[in-house]
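In: Need coordinates for the below:
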Amino acid sequence: MIVVLMIVLLTYMSNKPSVPEKYTETVKTGGKIEAKYIANGGYKVNYFENAAMSSFKKYEIFYPADITEADCQYPVVIFVNGTGVKGSKYQAMQKHLASWGFITVSTEEEYAWNGFSAEMSLRFLQKLNSEKVEINGYHNEFYGKIDFNNVGITGHSQGGVGVFNAVTEQKNGGAYKAIASLSPTNHALANALDWVYDESKITVPTLLMSSTGEGDENFVVNLNGLTDIYQSIPSEVFKVMARRNQADHGDMLYFADGYVTAWFMYWLKGDQSAGEAFFGADAELLKNEWYQDQKINNPMEEGTSYGDGR
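Out: Presented below is the predicted three-dimensional model:
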């Protein structure tokens, strides 16, 4: 049974197209905040990669081109791969987030559920930040430029499970300030594949998003599965969940990117306007026509919860 489930999941995701290069111009939005942050930011972007002596082959880093001249450090977002979707298949998303002033890192890992590739990505960034040396003939532009007080992590499908395990099981899990898990594999399927995770250990703000499409509804994570994850995250944690209409499992890798970007802009860069998507009874996400089943738990306002879904 486990082998059959694995084959089905691998086949499903491997046959999905990679993220379109111009998805920021085609994804439909239902609010001003979502529209603002699905668009590209104002930073020019550079790319750097370095080989890794592991199954994930290499670190793929996109970052603001002015990093050496800027009088600041840049926050980080680690990407965790879904099944059949290596970092090289969604570079447009990394570029997009880097254009908003983030250092973004992915790998070629194909089995990222345990969060180890994310852990090693974080360790590689720590090395870059602390050692003023050339790497394979490349001048280290990252020396002293990485803000480890503001580190986020995101992943889709198997990568959503990898997000949970990177934060709760890996050595540097405490480094993460906010997380976004997109269509994370439900517990029944994850357990069958031996992708065990425990979201009840999460202590940092968490964004959960999935779709209402057939892939999520019938296979990966339906409403009950996403709600179970949401409810298992402690009530002391700021947490948000929502499901995208007229989208399927694979689409959520990038359809959610407007709100994922806003999420990290608020938690990692203190962008108050981005936070208006998630805070209060008038939070934009609660009223966005492209989403349903929205829930927001805000312990910073005496345990206030908004949105019972629709």
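
In: How about the contacts made by residue 260?
Out: Listed by CB atoms under 8 Å, 6 or more residues apart in numbering, the contact set of residue 260 reads 154, 180, 182, 207, 209. For the C-beta atoms, the positions are set from N, CA and C on the backbone; glycine is no exception.

In: Let me know the helix or strand that it is in.
Out: Using DSSP states H and E, the element containing residue 260 is helix 257-269.

In: Relative to the whole chain's centre, how far out is that helix?
Out: Helix 257-269 has its C-alpha centroid displaced from the chain centroid by 10 Å (CA atoms, centre = their mean, to the nearest Å).

In: Next: stretch 256-267.
Out: Using CA atoms, centre = their mean, the offset of stretch 256-267 from its chain centre is 9 Å.

In: Would you mind writing the CA trace of that stretch as PDB?
Out: Extracted in PDB, the C-alpha atoms of stretch 256-267 (Å, rounded to 0.1, in the frame of the first residue of the first chain):
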ATOM      1  CA  ALA A 256      -0.900  31.400  -2.900                       C
ATOM      2  CA  ASP A 257       2.300  33.400  -3.400                       C
ATOM      3  CA  GLY A 258       0.700  36.900  -3.000                       C
ATOM      4  CA  TYR A 259      -0.300  36.000   0.600                       C
ATOM      5  CA  VAL A 260       2.800  34.000   1.300                       C
ATOM      6  CA  THR A 261       4.900  37.100   0.300                       C
ATOM      7  CA  ALA A 262       2.700  39.300   2.400                       C
ATOM      8  CA  TRP A 263       3.100  36.900   5.300                       C
ATOM      9  CA  PHE A 264       6.900  37.000   5.300                       C
ATOM     10  CA  MET A 265       6.900  40.800   4.600                       C
ATOM     11  CA  TYR A 266       5.000  41.300   7.800                       C
ATOM     12  CA  TRP A 267       6.700  38.800  10.100                       C
END
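
In: residue with max distance from the center of the protein?
Out: residue 137 (31.1 Å; CA atoms, centre = their mean).

In: Tell me the predicted confidence for that residue.
Out: The model reports residue 137 with a pLDDT of 71.

In: And it, how close does it get to residue 296?
Out: 48 Å (CB to CB, to the nearest Å).

In: What of residue 102?
Out: 24 Å.

In: Those two: which has the busier surroundings?
Out: Using other CB atoms under 10 Å, the more surrounded residue of residue 102 and residue 296 is residue 102, with 29 against 20.

In: That one reaches residue 79, doesn't it?
Out: No. Between residue 102 and residue 79 there is no contact under CB atoms under 8 Å: 10.8 Å.

In: and residue 143, that's in a strand?
Out: No. Read with DSSP: H, G, I helix; E, B strand; the rest coil, residue 143 is coil and lies in no strand.

In: Could you find the closest non-adjacent residue to it?
Out: Closest residue in space to residue 143, ignoring its immediate chain neighbours: residue 132 at 4.6 Å, by CB to CB, 6 or more residues apart in numbering.

In: And for residue 162?
Out: Leaving out its chain neighbours, residue 162 is closest to residue 80 (CB to CB, 6+ apart), at 3.7 Å.

In: Also residue 50?
Out: residue 59 (5.0 Å).

In: Same question for residue 236.
Out: Once flanking residues are discounted, residue 236 sits nearest to residue 299: 5.2 Å by CB to CB, 6+ apart.

In: For the residue nearest to residue 162, grab the count of nearby residues.
Out: Neighbours around residue 80, by other CB under 10 Å: 32.

In: for residue 301, same thing?
Out: Residue 301: 12 neighbours (other CB under 10 Å).

In: and it, how far is that from residue 281?
Out: Taking CB to CB, one finds residue 301 at 10 Å from residue 281.

In: For the longest helix along the chain, give me every contacting residue.
Out: If each helix of the chain is counted by residues according to DSSP state H, the longest one is helix 116-130. Residues outside helix 116-130 that contact it (CB under 8 Å, 6+ apart): 50, 52, 54-56, 59, 76, 78, 80-81, 103, 105-107, 109, 112, 135, 140, 142-146, 148, 151, 153, 155, 162-163, 166, 170-173, 175.

In: repeat that for 6 Å
Out: 56, 59, 78, 80, 105, 107, 109, 140, 142, 146, 166, 170, 172 (CB atoms under 6 Å, 6 or more residues apart in numbering).

In: Just put those residues in TSV and tack on distance to residue 276.
Out: Below are the contacts of helix 116-130 laid out as TSV (distance: CB to CB, whole Å):
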residue	distance to residue 276
56	36
59	34
78	26
80	27
105	28
107	33
109	35
140	38
142	32
146	28
166	28
170	32
172	31
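
In: I'm done for today, thanks for sticking with me.
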